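Participant: How does the following fold in three dimensions:
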Amino acid sequence: MPPRPRIVMLAGPGLSTELMYNGLRESCDIAAVVLEKKPSSRSMIKYRAKTLGWPTTLGQLAFIIYSRWLGRSSRKRVQQLIERYEMDDSPIPSRVITKVDSANKREVIRLLKELSPDAVVVNGTRILSKKLLGSINAPFINTHMGITPAYRGVHGGYWALAMDDRRRCGVTVHMVDEGVDTGGILYQSTIDVGTADNFVTYPIHQMAKAIPMMQTALRDAVENRLAPYASEGPSKQWYHPTLLFYLRQRFQNRIR
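Facilitator: Residues are numbered from 1 along each chain as shown. This is a model prediction of the structure:
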């Protein structure tokens, strides 16, 4: 029988982390789940305004507010998909959770050295520092909700559909480096979405594909046969859509 990977999860709070935890717990020994706080909205707004300009940033903020309503109205569809894919959204047991302000804190490095996992599973954190990534002799493996390198950043599935690029509407499991979803690719898969799906439900389809790919990557890690390959083709980082862009896509092209 192959050895069970011993892992630590570095993650943000939320449904995708719960799905990943429950999807891995039968095949891995999960020593700890380190949950970091979401970066402050103020910091995000300042960064976006400096990078993208105030008009785009304000449009994104309007969309984020709208997406909260979309999330509430999509709960039934989300639950249908979780049941269809036989995923488990049970809460993570509090005994394995360590809460931190940032995954890059010294206390996280100390915990990783103490637990000495075979691999670190990353899900929904900020960009990890070089110091953290080099702190232990184990791979850091991330789930990215898009096909890299074309759809790095956030909401890659949505952006592929909005760009009429369905062949690259999918999910990537990759090694983590200091860039934004620029690490070597381990596995990728596309997803099929229906007319009942939208911005909120695309990630459920993606998690259903990502969990078995992560299970395979972790088996590869413990057997020293990880084989990341360099990403090729156009590379672009994406952010939230603006509300105006989203509504135009929704009513003109039925991309919800």
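Participant: Can you tell me the SS state at the closest residue to R168 other than its chain neighbours?
Facilitator: Here the nearest residue to R168 in space, its sequence neighbours aside, is I147; by CB to CB, 6 or more residues apart in numbering that works out to 4.2 Å. Every residue, glycine included, has its C-beta placed from N, CA and C. Secondary structure of I147, reduced to three states by DSSP: H, G, I helix; E, B strand; the rest coil: coil.
Participant: Isn't I147 up against M163?
Facilitator: No. Under the criterion of CB atoms under 8 Å, I147 lies out of contact with M163, with a separation of 11.3 Å.
Participant: So for the two, which sits in the more crowded spot?
Facilitator: Using other CB atoms under 10 Å, the more surrounded residue of I147 and M163 is I147, with 26 against 16.
Participant: who's in contact with the more buried one?
Facilitator: With CB atoms under 8 Å, 6 or more residues apart in numbering as the criterion, the residues that contact I147 are G156, A160, R168, C169, G170, V171, T172, Q188, T190.
Participant: Next, count neighbours for the third one.
Facilitator: So the one you mean is R168. Using other CB under 10 Å, R168 has 19 neighbouring residues.
Participant: Does it touch P149 like I think?
Facilitator: No. R168 is beyond contact range of P149, at 10.2 Å (criterion: CB under 8 Å).
Participant: which stretches of this protein form strands?
Facilitator: In order along the chain, the chain carries the following strands (DSSP state E): 6-11, 29-36, 97-100, 119-123, 140-144, 152-153, 170-175, 185-190, 237-238.
Participant: possible to save these as JSON lines with mean neighbour count?
Facilitator: What follows is these, written out as JSON lines (neighbours: other CB atoms under 10 Å):
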{"stretch": "strand 6-11", "mean neighbour count": "24"}
{"stretch": "strand 29-36", "mean neighbour count": "20"}
{"stretch": "strand 97-100", "mean neighbour count": "14"}
{"stretch": "strand 119-123", "mean neighbour count": "25"}
{"stretch": "strand 140-144", "mean neighbour count": "25"}
{"stretch": "strand 152-153", "mean neighbour count": "19"}
{"stretch": "strand 170-175", "mean neighbour count": "25"}
{"stretch": "strand 185-190", "mean neighbour count": "18"}
{"stretch": "strand 237-238", "mean neighbour count": "18"}
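Participant: where does the stretch 51-200 of the chain dip in pLDDT?
Facilitator: Per-residue confidence of the stretch 51-200 of the chain (counting by pLDDT under 70) places no residue in a weak region.
Participant: all helices of it, in order?
Facilitator: If you assign secondary structure with DSSP state H, counting those that start in this stretch, the helices in the stretch 51-200 of the chain sit at 54-73, 75-84, 106-115, 130-133, 156-162.
Participant: Could you point out which of these sits nearest D220?
Facilitator: Checking these against D220 by CB to CB gives helix 130-133 as the closest, at 18.5 Å.
Participant: want to try JSON lines for the helices of the stretch 51-200 of the chain, with distance to E36 and mean neighbour count as columns?
Facilitator: Conversion of the helices of the stretch 51-200 of the chain to JSON lines gives the following (distance: least, CB to CB, whole Å; neighbours: other CB atoms under 10 Å):
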{"stretch": "helix 54-73", "distance to E36": "19", "mean neighbour count": "15"}
{"stretch": "helix 75-84", "distance to E36": "24", "mean neighbour count": "14"}
{"stretch": "helix 106-115", "distance to E36": "8", "mean neighbour count": "15"}
{"stretch": "helix 130-133", "distance to E36": "11", "mean neighbour count": "15"}
{"stretch": "helix 156-162", "distance to E36": "21", "mean neighbour count": "24"}
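Participant: Dump those to TSV, plus distance to L10.
Facilitator: Formatted as TSV, the entries for the helices of the stretch 51-200 of the chain read as follows, by distance: least, CB to CB, whole Å:
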stretch	distance to L10
helix 54-73	24
helix 75-84	23
helix 106-115	7
helix 130-133	9
helix 156-162	20
